[in-house]
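Asks: build me a model:
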Amino acid sequence: MQTFRLVKVAGKSIIKNKMRTLLTMLGIIIGVGAVIIMVAIGEGAQGQIEQQIENLGTNMIVITPGAATTSGASQGFGSFSRLTGEDAIKIRNESIYAAGVSPVMSSFFAQIVGGEGNHRASILGVTPEYQTIRNWNTTSGRFFTAQEERTGKKVVVLGQTVVKQLFGTRDPVGERVVVNRIPMEVIGVLESKGQTPDGNDQDDFIIIPFTTAQNRIGGRSFIRQILISTYTPQDIPAAQEEIGAILRESHGLAEWEADDFQVRNQEQLSEAAQGTTEVMTALLAAIASISLLVGGIGIMNIMLVSVTERTREIGIRMAIGARGSDVLTQFLIESIVMSILGGALGVALGVGGSSLLGSTMGWATAVNPETVMIAIAFSAAVGIFFGFYPARKAASLNPIDALRFE
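Replies: The predicted model follows:
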């Protein structure tokens, strides 16, 4: 019996019992759809986190304070700061890998009055290079210049959240706001960057020149952060090593003394975030794959019932010359066709479900073509694995016993 005829016979058998076939495929449909939706949620979350990390800046290195030790116990990174604006200047002058350097004076809040509102937001005191390091454009106005930073001009650039709170939809450029009782001119509005990976609003602050923050608002010598960008991503490892050596010299640390600062880059943040989302995606896919297993067991169950129902038919086929391998192939084809068809419908369900979740729930979802191909291949494998035993049982029937079967 030729393969084409076997496929034709298998197709007729499937069409003959439409409702039973549909119910048999339902497990595969739900399983494949669930796997695609779960993986799409995981991939979407990973893509969103990667985008948020990219929004932090270009080829960025972050220097933060080291750990203080009290009564022999470390208080954790960031508990003790010896970073200063002079450290940033030293790095800018001596580093061959640093394309941009900006000290960041932050972690304090101010009452901001202007327009039609009164809002409390955090302040960042930075240099003009901060804009390049963070790759942060303005939607209106401009960023302050190096001259304005050196002379401590009372100018301010607002984040989108602050603009909405104070001015609504009105362009605030050219207006004046009062920051901790100090009047300042609004010269620009930053584009929106949304939330950071840890959920903080990147748009709910104002940016002023570093010297202005230091002399008029901050009043502190030590700072909480220095941001650095390299010329290329490949320069980051060498830059980290070089910056570490510069800061150790600046702080007068002996060889046996530990660093009193921490140097990190975006790749480290990205790897940590990716590791978390990959585990989450794998867990969701594993849970959803149970549905495929249940669907495969359903196919085996129905195929065993089919073998029992068609025992006499099998006997007739064998009596007129069909071989055991022909019978095995016929039943195996039926199982595979149901699995692949169920897989295809499951893909449609998964893609549609992912789009629906994205539009109604606002979740970030991403359907990977590789996931679709793997889901279909897996559904075909389920058909082969769970269909082989019933097919083998049908092929091993004795023709005489099969003809006598009632």
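
Asks: check which element follows the worst-scoring helix or strand of the chain on mean pLDDT along the chain.
Replies: In the chain, no helix or strand scores lower on mean pLDDT, DSSP states H and E than strand 73-80, which sits at a mean of 46. Using DSSP states H and E, the helix or strand that follows strand 73-80 towards the C-terminus is helix 85-94.

Asks: list the buried residues for that next one?
Replies: Neighbour-count burial for helix 85-94 flags Gly85, Asp87, Ala88, Lys90, Ile91, Arg92 (criterion: 16 or more other Cβ atoms under 10 Å). (C-beta placed from N, C-alpha, C; glycine too.)

Asks: other SSEs contacting that helix?
Replies: Packing partners of helix 85-94 (3 or more Cβ pairs under 8 Å, 6 or more residues apart in numbering; DSSP states H and E): strand 98-104, strand 225-230, helix 236-250.

Asks: what does the first one rub up against?
Replies: Same thing as strand 98-104. 59, 83-85, 87-89, 91-92, 95, 124-130, 132-133, 210, 223-231, 239, 243 (Cβ atoms under 8 Å, 6 or more residues apart in numbering).

Asks: list only those of those flagged as buried.
Replies: Listed as buried from the contacts of strand 98-104 are 59, 83-85, 87-88, 91-92, 95, 124-130, 132-133, 210, 223-230, 239, 243; burial here means 16+ other Cβ under 10 Å.

Asks: can you show me the helices along the protein?
Replies: 3-16, 18-55, 85-94, 129-134, 146-150, 160-167, 210-212, 236-250, 266-309, 311-319, 324-360, 369-395, 399-404 (DSSP state H).

Asks: what number of residues lie near Gly100?
Replies: Number of residues near Gly100 (other Cβ atoms under 10 Å) recorded here: 22.

Asks: partners of it in the sheet?
Replies: With DSSP bridges as the criterion, Gly100 is bridged to Ser229.

Asks: start at 9 instead
Replies: Taking 9 as the first residue, the last one we looked at is Gly108.

Asks: please report the distance of it from Ala294.
Replies: Noted for Gly108: a distance of 44 Å to Ala294, by Cβ to Cβ, to the nearest Å.

Asks: just Thr159 next, same as before
Replies: 60 Å.

Asks: one more: Met68?
Replies: 35 Å.

Asks: the two - which one has more neighbours?
Replies: Shown here are Met68 and Ala294; by other Cβ under 10 Å, Met68 has more neighbours (22 against 11).
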